[in-house]
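S.K.: My questions concern the predicted model and sequence given below.
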Amino acid sequence: MGLLTGLLTLPLAPVRGVAWIAEQVQEQAEHERDDREALIERLNDIARAREAGELSEEQCAAMEEQILDELEWINGD
(Lines give C-alpha, C1' and ligand atoms only; values in the text may rest on other atoms or scores of the structure.)
Protein backbone atom coordinates (compact mmCIF):
# COMPACT_ATOMS: atom_id res chain seq x y z
CA MET A 1 0.00 0.00 0.00
CA GLY A 2 1.47 3.30 -1.06
CA LEU A 3 1.56 6.43 1.05
CA LEU A 4 -1.16 8.17 -0.95
CA THR A 5 -3.45 5.13 -0.86
CA GLY A 6 -2.82 4.76 2.86
CA LEU A 7 -3.77 8.38 3.49
CA LEU A 8 -6.87 8.24 1.31
CA THR A 9 -8.17 5.04 2.91
CA LEU A 10 -7.28 6.04 6.48
CA PRO A 11 -10.90 6.89 7.35
CA LEU A 12 -11.80 3.26 6.54
CA ALA A 13 -9.33 1.84 9.06
CA PRO A 14 -11.93 1.36 11.82
CA VAL A 15 -14.18 -0.53 9.39
CA ARG A 16 -11.31 -2.81 8.37
CA GLY A 17 -10.51 -3.38 12.03
CA VAL A 18 -14.08 -4.36 12.87
CA ALA A 19 -14.21 -6.67 9.85
CA TRP A 20 -10.96 -8.36 10.97
CA ILE A 21 -12.32 -8.86 14.49
CA ALA A 22 -15.53 -10.36 13.08
CA GLU A 23 -13.49 -12.80 10.98
CA GLN A 24 -11.48 -13.85 14.04
CA VAL A 25 -14.63 -14.44 16.09
CA GLN A 26 -16.15 -16.49 13.27
CA GLU A 27 -13.01 -18.64 12.94
CA GLN A 28 -12.96 -19.30 16.69
CA ALA A 29 -16.66 -20.25 16.70
CA GLU A 30 -16.11 -22.66 13.79
CA HIS A 31 -13.13 -24.21 15.57
CA GLU A 32 -15.14 -24.74 18.77
CA ARG A 33 -18.05 -26.22 16.80
CA ASP A 34 -15.70 -28.66 15.09
CA ASP A 35 -14.22 -29.66 18.47
CA ARG A 36 -17.70 -30.28 19.92
CA GLU A 37 -18.72 -32.35 16.92
CA ALA A 38 -15.58 -34.49 17.20
CA LEU A 39 -16.20 -35.10 20.91
CA ILE A 40 -19.83 -36.02 20.28
CA GLU A 41 -18.71 -38.47 17.61
CA ARG A 42 -16.28 -40.02 20.10
CA LEU A 43 -19.17 -40.45 22.57
CA ASN A 44 -21.14 -42.23 19.85
CA ASP A 45 -18.16 -44.49 19.11
CA ILE A 46 -17.94 -45.42 22.79
CA ALA A 47 -21.65 -46.24 22.88
CA ARG A 48 -21.29 -48.47 19.81
CA ALA A 49 -18.27 -50.24 21.32
CA ARG A 50 -20.20 -50.80 24.57
CA GLU A 51 -23.14 -52.28 22.66
CA ALA A 52 -20.80 -54.54 20.71
CA GLY A 53 -19.22 -55.75 23.96
CA GLU A 54 -15.79 -54.34 23.06
CA LEU A 55 -15.59 -52.15 26.19
CA SER A 56 -16.63 -52.74 29.78
CA GLU A 57 -18.99 -50.42 31.61
CA GLU A 58 -16.07 -49.10 33.69
CA GLN A 59 -13.99 -48.34 30.62
CA CYS A 60 -16.93 -46.58 28.97
CA ALA A 61 -17.68 -44.54 32.07
CA ALA A 62 -14.06 -43.36 32.34
CA MET A 63 -13.86 -42.44 28.67
CA GLU A 64 -17.23 -40.67 28.71
CA GLU A 65 -16.26 -38.69 31.81
CA GLN A 66 -13.08 -37.47 30.11
CA ILE A 67 -15.00 -36.41 26.99
CA LEU A 68 -17.67 -34.64 29.03
CA ASP A 69 -14.93 -32.77 30.91
CA GLU A 70 -13.51 -31.64 27.56
CA LEU A 71 -16.98 -30.50 26.43
CA GLU A 72 -17.40 -28.50 29.62
CA TRP A 73 -14.00 -26.89 29.06
CA ILE A 74 -14.93 -25.95 25.48
CA ASN A 75 -18.25 -24.51 26.64
CA GLY A 76 -16.51 -22.56 29.38
CA ASP A 77 -18.46 -24.14 32.23
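M.R.: That came in fine, so what should we check first? None of these values were measured; they are calculated from a predicted model. Numbering: from 1, shown residues only.

S.K.: Check which helices and strands the host helix or strand of residue 61 sits against.
M.R.: According to DSSP states H and E, residue 61 maps onto helix 57-75. When contacts are defined as 3 or more C-beta pairs under 8 Å, 6 or more residues apart in numbering; DSSP states H and E, helix 57-75 sits against helix 13-51. Any C-beta I mention is one placed from the backbone N, CA and C, and that applies to glycine too.

S.K.: Run the angle between the helix holding residue 61 and helix 13-51 for me.
M.R.: 170 degrees (axes from the mean of the first three to the mean of the last three C-alpha atoms, to 10 degrees).

S.K.: ok, and for stretch 37-48, which residues are buried?
M.R.: The neighbour-count criterion (16 or more other C-beta atoms under 10 Å) identifies 39, 46 as the buried residues of stretch 37-48.

S.K.: Spatially nearest residue to the residue nearest the centre of the chain (excluding sequence neighbours)?
M.R.: Nearest to the geometric centre of the chain sits residue 32, at 1.1 Å (C-alpha atoms, centre = their mean). Once flanking residues are discounted, residue 32 sits nearest to residue 74: 5.7 Å by C-beta to C-beta, 6 or more residues apart in numbering.

S.K.: mind showing which ranges of this protein have poor pLDDT?
M.R.: Within the chain, the stretches with pLDDT under 70 are 1, 77.

S.K.: Can you classify residue 54 by secondary structure?
M.R.: Following DSSP: H, G, I helix; E, B strand; the rest coil, residue 54 is assigned to coil.

S.K.: I'd like to know the phi and psi angles of it, please.
M.R.: Dihedral angles of residue 54 (phi, psi; degrees, to the nearest 10) stand at phi -80, psi -20.

S.K.: Please report the distance of residue 48 from residue 36.
M.R.: In this view, residue 48 and residue 36 are 19 Å apart by C-beta to C-beta, to the nearest Å.
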